[in-house]
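Novice: when you get a sec, could you give me coordinates for this:
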Amino acid sequence: DNINTFNPFFPSGAYFGLAALFGPVNLIDFHPSFVLSLSKQVEWNFDYDIFWRHSLNDGIYTNNMRLIYTGRDNSHRFIGHQLSTEVSYALSRFISFSGEFKWFITGEYLDTAGEGENILFGMLSMEFTF
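Specialist: Sure thing, here's the model as predicted:
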């Protein structure tokens, strides 16, 4: 199947965070981040993403390479931006907990596509490593 766009081959589902709003296809992404180590067990991560379409003749895709919105009749490049924070706590070598919060603010491309809804995403998780 020829999709006529960049194929990242096996992209991580959580490349832009666990909310996974879209995949790394036809994107220009600026993604500064920093981490504060509050103690040996606690880290606080902050990041900011800005997303643009690379080609105005192409749309945006899910992580599994399915087209979400086309580039037809939409001359805007700016998809949106995302503010994120995550706190991680390592209880032991084997067990850790984390909480993540993301706020995605839509840009002109998504507003024009008809789906210009901002998204708030929160998640709590526990990880067991062996």
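Novice: you'd agree I105 is up against G80?
Specialist: Yes. In this structure I105 lies within contact range of G80 using Cβ atoms under 8 Å: 5.6 Å. For glycine as for every other residue, the C-beta is placed from the backbone atoms N, C-alpha and C.
Novice: low-confidence stretches in the protein?
Specialist: For the chain, residues meeting the criterion pLDDT under 70 lie at 1-18.
Novice: now the helices for it?
Specialist: 108-113 (DSSP state H).
Novice: against E127, how distant is the residue of it most remote from its centre?
Specialist: Farthest-out residue of the chain from its mean C-alpha position, per Cα atoms, centre = their mean: S92, at 28.5 Å. From S92 across to E127, the span is 11 Å (Cβ to Cβ, to the nearest Å).
Novice: same question for E115.
Specialist: Counting by Cβ to Cβ, the gap from E115 to E127 is 32 Å.
Novice: and N45, by the same measure?
Specialist: 15 Å.
Novice: same question for D49.
Specialist: Applying Cβ to Cβ to D49 and E127 gives a distance of 23 Å.
Novice: and for F101?
Specialist: 18 Å.
Novice: higher neighbour count, those two?
Specialist: The neighbour count for F101 versus E127, taken as other Cβ atoms under 10 Å, is higher for F101 (15 against 12).
Novice: correct me if wrong: the more buried one contacts Q82.
Specialist: No. Judged on Cβ under 8 Å, F101 makes no contact with Q82 at a distance of 10.9 Å.
Novice: settle it for me: which of I105 and G80 has more neighbours?
Specialist: Each of I105 and G80 has its neighbours counted (other Cβ under 10 Å); G80 has more, 21 against 12.
Novice: the more buried one pairs with what?
Specialist: With DSSP bridges as the criterion, G80 is bridged to F51, T106.
Novice: please consider this matter closed, and thank you.
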